[in-house]
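Asks: Sequence and predicted model, in that order:
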Amino acid sequence: MITIIKKNPQGEALFSYQGEVLAATSRTCIIRAFWTWPDRDLGYVRFETGDCFTEYYYTDRWFNIFAIAGKDGERKGWYCNIAEPAVIRDDRIEQVDLFLDVWVDRQGGTQVLDEDEFEAATTLSAAQRRGAQEGLQALLEMVTHRAGPFSEIGA
């Protein structure tokens, strides 16, 4: 098991949870975690107790990707956080969230979320803003090319 710690732009821990490491390299860690919080309807997807999150963390990319499946194994979509590159240690993954998120549905449609929150944030450095914009563009290109975790789009 490994602990995932989500931090705010100042590096303060917001929350943490546990996951199982499925694969790891020097630049990537893939974990499996389950939604254990109360059900949450976001309008475009509903997270429910028992949903399976296969989470992809990268030390050289400004995002992470959560491939989400329901308890029945059916893909719901991909939730992506624009964030600083992950710090991956033996016992934990730490990542600084930069407000922007992206929802990718099963057919590959994308919604960029929280752009107003990102624009209004006064706590982001110029480097964080630049990295977030680059990460967002790189992530959207991955979706367009059905690369990596997005190879299952439309399947």
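Replies: Perfect, thanks for sending it.
Asks: shaky segments in the protein?
Replies: Residues of the chain meeting the criterion pLDDT under 70: none.
Asks: Spatially nearest residue to Thr3, not counting backbone neighbours?
Replies: Arg92 (4.3 Å; CB to CB, 6 or more residues apart in numbering). Glycine gets a C-beta too; all of them are placed from N, C-alpha and C.
Asks: wait, Ala13 sits on Arg92?
Replies: No - with contact defined as CB atoms under 8 Å, Ala13 does not reach Arg92; the gap is 10.5 Å.
Asks: Mind listing the shared neighbours of these two?
Replies: Listed as contacting both Ala13 and Arg92 by CB atoms under 8 Å, 6 or more residues apart in numbering are Ile5.
Asks: okay, the two: which has more neighbours?
Replies: A direct count of neighbours by other CB atoms under 10 Å for Ala13 and Arg92 places Arg92 higher, at 13 against 10.
Asks: list the contacts for that one?
Replies: Contacts of Arg92 (CB under 8 Å, 6+ apart): Ile2, Thr3, Ile4, Ile5.
Asks: mind listing which of those residues are in strands?
Replies: Counted as lying in strands by DSSP state E, out of those, are Ile2, Thr3, Ile4, Ile5.
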